[in-house]
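Coordinates for the following, if possible.
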Amino acid sequence: LGPMKLEPKPPKASVSRKRRRSLKVEKVKPEELEDTVSKEKTETEKTIAKMFDVLKINKKVRLENLVLNRISFAQTVENLFALSFLVKDGRVVITVDDNGSHHVSPRNAPAASMITSRKVVYSHFIFRFDFNDWK
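Numbering: from 1, shown residues only. As a prediction, this is how the structure comes out:
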């Protein structure tokens, strides 16, 4: 391999170049497209709106009458899904009477400040519903 030379090497001279600005400066302004993204409601949003409209008209509705579709199990599940959003947002309250019947009633959603200050506390429950229950 041979002996190593420990001689200092002179530093490389750095060359700094100034960037030249082009004389022709074009302002780029892309053309604005008209509302290309449509803000169409999804089926779930439509179902939520219909369900809340029914609840506004009828102040207290039995859960079975609101959710159950005797012809389609899939539609029943979609209705239950839409109802879960209304309950989660605090727009609907589900109560159980002395007979064990579930009733759904509309209510005003709490303000965001009340939720953050923990004056409003959400309570959750599990609703078990399968094909045999639907039958």
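
What segments of the chain are strands?
For the chain, the strands defined by DSSP state E cover 61-62, 92-96, 102-106.

Nearest to Ala13, out of those?
strand 92-96 (76.7 Å; CB to CB). Using the backbone N, CA and C atoms, a C-beta is placed for each residue, glycine as well.

Buried residues, the closest one. List them.
Buried residues in strand 92-96, counted by 16 or more other CB atoms under 10 Å: Val92.

quick revisit: export the strands of the chain to CSV and tack on mean pLDDT?
Output for these, formatted as CSV (pLDDT from 0 to 100):
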stretch, mean pLDDT
strand 61-62, 86
strand 92-96, 83
strand 102-106, 86
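
can I get those strands in a markdown table with distance to Leu83?
Output for the strands of the chain, formatted as a markdown table (distance: least, CB to CB, whole Å):
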| stretch | distance to Leu83 |
| --- | --- |
| strand 61-62 | 11 |
| strand 92-96 | 7 |
| strand 102-106 | 7 |
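
Many thanks, have a good one.
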